[in-house]
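Trainee: Sequence first, then the predicted structure:
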There are 2 protein chains.
Amino acid sequence: MADKKMVEAITSMEEDFAQWYTDVVKKAELVDYTSVKGCMVIRPAGYAIWERIQAELDKRFKETGVQNVYLPMFIPESLLQMEKDHVEGFAPEVAWVTQGGLQPLTERLCVRPTSETLFCDYYKNIVHSYRDLPQVCNQWCSVVRWEKETRPFLRSREFLWQEGHTAHATAEEAEARTVQMLNVYADFLENFCAIPVIKGQKTEKEKFAGAVATYTVEALMHDGKALQSGTSHNFGDGFAKAFGIQFTGKDNKLEYVHQTSWGVTTRLIGAIIMVHGDNSGLVLPPMVAPTQVMIVPIQQKKEGVLEKAAELQEVLKNFRVKVDDSDKSPGWKFSEQEMRGIPLRLEVGPKDIENGKCVLVRRDNGEKIEVAFTDLEKKVAELLPQIQKDMLERARERRDSQTYVAKNMDEFREIFKDKNGFVKAMWCGDQACEDAIKEELAVTSRCMPFEQENLGEVCACCGKPAKKMVYWGRAY
Amino acid sequence: MADKKMVEAITSMEEDFAQWYTDVVKKAELVDYTSVKGCMVIRPAGYAIWERIQAELDKRFKETGVQNVYLPMFIPESLLQMEKDHVEGFAPEVAWVTQGGLQPLTERLCVRPTSETLFCDYYKNIVHSYRDLPQVCNQWCSVVRWEKETRPFLRSREFLWQEGHTAHATAEEAEARTVQMLNVYADFLENFCAIPVIKGQKTEKEKFAGAVATYTVEALMHDGKALQSGTSHNFGDGFAKAFGIQFTGKDNKLEYVHQTSWGVTTRLIGAIIMVHGDNSGLVLPPMVAPTQVMIVPIQQKKEGVLEKAAELQEVLKNFRVKVDDSDKSPGWKFSEQEMRGIPLRLEVGPKDIENGKCVLVRRDNGEKIEVAFTDLEKKVAELLPQIQKDMLERARERRDSQTYVAKNMDEFREIFKDKNGFVKAMWCGDQACEDAIKEELAVTSRCMPFEQENLGEVCACCGKPAKKMVYWGRAY
């Protein structure tokens, strides 16, 4: 009876997707709620996923020349106000420190919601000549946005992220860096997180406060809702002019720098859960999984079983492998490992030992595979990349099967009436049409994809000549 | 002329140690000041040192079973107030958030100065049975203490650290973990940072707010001042009782957990600077150094020089090695690499290439070593651990030469009259004597070392029977 408890306690995703999500993050012990409203504890199982993401992204960043730094978490109000669009975008949702020690502050400080202003303040101090460029910095930190509605990983008052901030001598170099980092994100999402993404540009309406252009990678969750999974912004020289960041060029002329910023957050963990999870819990891609293989000894009190489990752990030492030798029943251990999304379970008991083999069970599709001990390492080395590949493929198929085309408003309405998904539609470029669609269907433009398709000549909303193909969706 | 500028701009440590320190952190580009009073930017060269420290400590923590987590940066005032000594210790120096978004908060939140209260709040939720113990968690984050006087790395309003927080079933296990982590710090400081430390216990007066016992590792800087370099606290069940953290033991009885916490901060970077640095700048131990070998090509425009430099970089690929092929002069590059504390400089020019050899220059003692290209890898593999060892040895000798014994107040006064250093003295255990010494000599008790020595039978202050030998010093 007790063996089934963990699984039975999960709501099925077909019944209530939001509740399924909440059940998974709690039962897989990824997060816990706290006495701090709108904030969460990221527990060891959740934080280990973030550490995997950090290590991989940090390596990829550094391969492109990124250097890590740390800037203050506080922004003086006067600094936040220096770029007009930026302050309008963020001021309504920041937390304000008004007292330090026993004294009220003479100027209040906001807890950083993002650090463009601080990086500008820093670059203004250290950039003087073309020799000081480019500056390609990143920081891993937490930021605060005073959200009203919060959900673990997807939207919380404090969240973890990385924010890259760069300064360049030319507009071309800044644009190239903006696109380069979007490509880093897209490749990382597809080939590490097994999440296929649409790469594209945000519309004027949806772009970042203060940016000239915002690029985005958009993913589709199991329930057909979209999740903005990473963004990269080109600021042109707008911030540089507001903050006075100038350098002497090779020609001895004073010029403004061109800047970018780009970031991903712990909501990536939410994306992994909602793209790959199933009704038994989390399903982690092998590259993301902190533990790739969990060895579950069967009848572990019998002589030789725990020894064999330890021996197989040693055989698999090139992978992230653990033995669950706790005093729980095998059935309980099975459902626990399923809940936690561990890619492979290895079962080994007295009979297996007699026969010189064990059983591998794939978390992603439940397949059971008998493997001779002598073939074990080779088999695991084959299976993990196969699972990774299959998970990406399945996610892509599901995404594609939930992607629709709308040629006019009737088709738009029909699609979004009783389902979610991506809708591709032609657009005249007018914000009035974007507003109208958003207003009527409660969906937002996700992006103008880099890979444009010609779905017709006219805007799906107004019927005037179309300029761009746009992805629409309901978003987290 | 320009070649000398970087070096000439540093104040010598004999002339003004504080100014020397400030010059080094600025000229080695470790930090920059910001518009945020009391906070600093940790620049790439500084943050790379912190990344080395993090990676090594994190590995060592995990080997002892530590798991990383992330808890909120905000603490509701009511939560901070639950443990009496703790709130008295921290309330006067925290920053308060009083407004979130456009609304004033109903309860103000402090920005964490340390997270005991949050971990208690968390453990109360997740610890129910002896099976849930021990909890051995750590987080890497920033904390805020509203200091009036600030100095880069040593004391700033926001700083980076790790804070470990554990909960155990028994008092013995908590005590063992407290000591274990102090030993991790001591070993890390000596064998990674090349900083010898005194391990000991803080007096009642100097222990952490809310702790039963505080253990510390104390290091001595070049100027004879002490730096508390890491602390580990045993809380007994005090926090558990204040927060109601109970578990059902194996005997089915309800019991309180026993807790510990332990931390080191970015002030370790300050310690590395002040223990090893010299009048040419930073000197980094090879294990700490983000770059261990800097290759400086001489007459780099001549054919084959840059190619050879690249070839040698490849030969040394098992080390952290870079080539400085910028268009600065070799002399400028030399003083720049000295300023940045890179352990080995490799000089290679046309003549060297002809002769099949190059020159290695040790940063720590200036020694120049001719090495045949064919021996290069072997030589560097020998030299780096040798430098590491020599640096620890020199630091230990300097520390020992600045450690004195005081048998009575006259000897105490004589020593601290015109110098700094550690003073070992016997103590009766009475706080009145501790207060009197602190008051008169402006020094603090650093610790009661684990390795006690018998320097006499009576307290150096009051002449009554002595109970403990204590280290005293002026501290950062």
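Mentor: That came through fine. Numbering: from 1, shown residues only, chains lettered A, B, ... in the order given.
Trainee: How far does the host helix or strand of residue A:314 sit from its chain's centre?
Mentor: Assessed by DSSP states H and E, residue A:314 sits inside helix A:305-315. Relative to the chain's own centre, helix A:305-315 is displaced by 36 Å; criterion: CA atoms, centre = their mean, to the nearest Å.
Trainee: outside of it, which residues touch it?
Mentor: With contact meaning CB atoms under 8 Å, 6 or more residues apart in numbering or on different chains, helix A:305-315 is reached by A:295, A:297-300, A:321-323, A:325, A:346, A:348-350, A:353, A:358, A:373, A:376-377. For the C-beta atoms, the positions are set from N, CA and C on the backbone; glycine is no exception.
Trainee: if we go to 7 Å?
Mentor: Outside helix A:305-315, the residues that touch it by CB atoms under 7 Å, 6 or more residues apart in numbering or on different chains are A:295, A:297, A:299-300, A:321, A:323, A:325, A:346, A:348-350, A:353, A:358, A:376-377.
Trainee: Most proximal residue of the stretch 351-476 of chain A with respect to chain B?
Mentor: The minimum distance from the stretch 351-476 of chain A to chain B, using CB to the nearest CB, falls at residue A:476 (20.3 Å).
Trainee: Look at that residue and say how many residues are nearby.
Mentor: Number of residues near residue A:476 (other CB atoms under 10 Å in any protein chain shown) recorded here: 20.
Trainee: again, but for residue A:139
Mentor: Residues near residue A:139, counting by other CB under 10 Å: 21.
Trainee: Identify the residues contacting it.
Mentor: A:68-71, A:162-163.
Trainee: which one of those residues has the most neighbours?
Mentor: Neighbour tally across the contacts of residue A:139 (other CB under 10 Å): the maximum, 27 neighbours, falls on residue A:71.
Trainee: Give me the most central residue, chain A.
Mentor: Residue closest to the mean C-alpha point of chain A, counted by CA atoms, centre = their mean, is residue A:268 at 2.1 Å.
Trainee: returning to that earlier point: mind checking what helix or strand follows the helix holding residue A:314 in sequence?
Mentor: strand A:321-323.
Trainee: May I see the buried residues of that next one?
Mentor: Residues of strand A:321-323 classed as buried by neighbour count (16 or more other CB atoms under 10 Å in any protein chain shown): A:321, A:323.
Trainee: try stretch A:428-444
Mentor: Result for stretch A:428-444 [16+ other CB under 10 Å]: buried residues A:428-429, A:433-434, A:437-438, A:441, A:443-444.
Trainee: And the helices in the stretch 201-350 of chain A, which stretches?
Mentor: According to DSSP state H, counting those that start in this stretch, the stretch 201-350 of chain A carries its helices in the segments A:238-243, A:267-276, A:305-315, A:330-340, A:350-355.
Trainee: same check, this time on the stretch 51-200 of chain A
Mentor: Under DSSP H, counting those that start in this stretch, the stretch 51-200 of chain A gives helices at A:77-80, A:84-90, A:116-126, A:171-191.
Trainee: which secondary structure elements does the longest one contact?
Mentor: Same thing as helix A:171-191. helix A:44-63, strand A:158-168, strand A:213-220, strand A:226-236, strand A:258-265 (3 or more CB pairs under 7 Å, 6 or more residues apart in numbering or on different chains; DSSP states H and E).
Trainee: Using PDB, write down the CA coordinates of the last one.
Mentor: Just to be clear, that refers to strand A:258-265. Extracted in PDB, the C-alpha atoms of strand A:258-265 (Å, rounded to 0.1, in the frame of the first residue of the first chain):
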ATOM      1  CA  HIS A 258      26.900  49.900 -27.900                       C
ATOM      2  CA  GLN A 259      25.500  47.500 -25.300                       C
ATOM      3  CA  THR A 260      23.700  44.200 -24.900                       C
ATOM      4  CA  SER A 261      22.300  42.100 -22.100                       C
ATOM      5  CA  TRP A 262      21.000  38.500 -22.000                       C
ATOM      6  CA  GLY A 263      19.700  36.200 -19.400                       C
ATOM      7  CA  VAL A 264      18.100  32.900 -18.400                       C
ATOM      8  CA  THR A 265      16.600  32.100 -15.000                       C
END
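Trainee: which neighbours does it have in its sheet, and in what orientation?
Mentor: strand A:158-168 (antiparallel), strand A:226-236 (antiparallel) (DSSP bridges).
Trainee: Give me the distance from the first one to the chain's centre.
Mentor: Think strand A:158-168. Chain-centre distance of strand A:158-168: 14 Å, with CA atoms, centre = their mean.
Trainee: Kindly report the same for stretch A:178-193.
Mentor: Worked out by CA atoms, centre = their mean, stretch A:178-193 lies 11 Å from the chain centre.
Trainee: Contacts for it, please.
Mentor: Outside of stretch A:178-193, the residues within contact range by CB under 7 Å, 6+ apart are A:56-57, A:60, A:64, A:164, A:195-197, A:199, A:215, A:217, A:219, A:229-230, A:232-234, A:260, A:262, A:264, A:268, A:272, A:285, A:287-288, A:392.
Trainee: buried ones in it?
Mentor: Quick answer for stretch A:178-193 (16+ other CB under 10 Å): A:178-179, A:181-186, A:188-190, A:192-193.
Trainee: Ok, stretch A:22-29 next?
Mentor: So, applying 16+ other CB under 10 Å, buried residues of stretch A:22-29: A:22-29.
Trainee: any residue of it up close to chain B?
Mentor: No - using CB under 7 Å from any CB of the partner chain, stretch A:22-29 stays clear of chain B, coming no nearer than 8.4 Å.
Trainee: what's the spacing between the residue lying closest to residue A:236 once chain neighbours are set aside and chain B?
Mentor: What sits nearest to residue A:236 in space, not counting adjacent residues and going by CB to CB, 6 or more residues apart in numbering or on different chains, is residue A:212, at 4.0 Å. For residue A:212, the distance to chain B equals 25 Å [CB to the nearest CB, to the nearest Å].
Trainee: Spit out the contact partners of residue A:212.
Mentor: Going by CB under 7 Å, 6+ apart, residue A:212 touches A:234-236, A:238.
Trainee: how about stretch A:282-298 as CSV, C-alpha atoms only?
Mentor: Provided in CSV are the C-alpha atoms of stretch A:282-298 (Å, rounded to 0.1, in the frame of the first residue of the first chain):
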residue,chain,number,x,y,z
LEU,A,282,9.7,14.4,-13.2
VAL,A,283,11.5,13.1,-16.2
LEU,A,284,15.1,14.5,-16.4
PRO,A,285,17.1,14.5,-19.6
PRO,A,286,20.3,12.5,-18.9
MET,A,287,22.6,15.6,-19.4
VAL,A,288,20.6,17.6,-16.9
ALA,A,289,20.1,14.8,-14.3
PRO,A,290,22.2,15.2,-11.2
THR,A,291,21.9,11.4,-10.8
GLN,A,292,21.8,9.5,-14.1
VAL,A,293,21.5,6.0,-12.8
MET,A,294,20.0,4.8,-9.5
ILE,A,295,20.9,1.3,-8.5
VAL,A,296,18.1,-0.3,-6.5
PRO,A,297,19.2,-3.6,-4.8
ILE,A,298,16.4,-6.2,-4.6
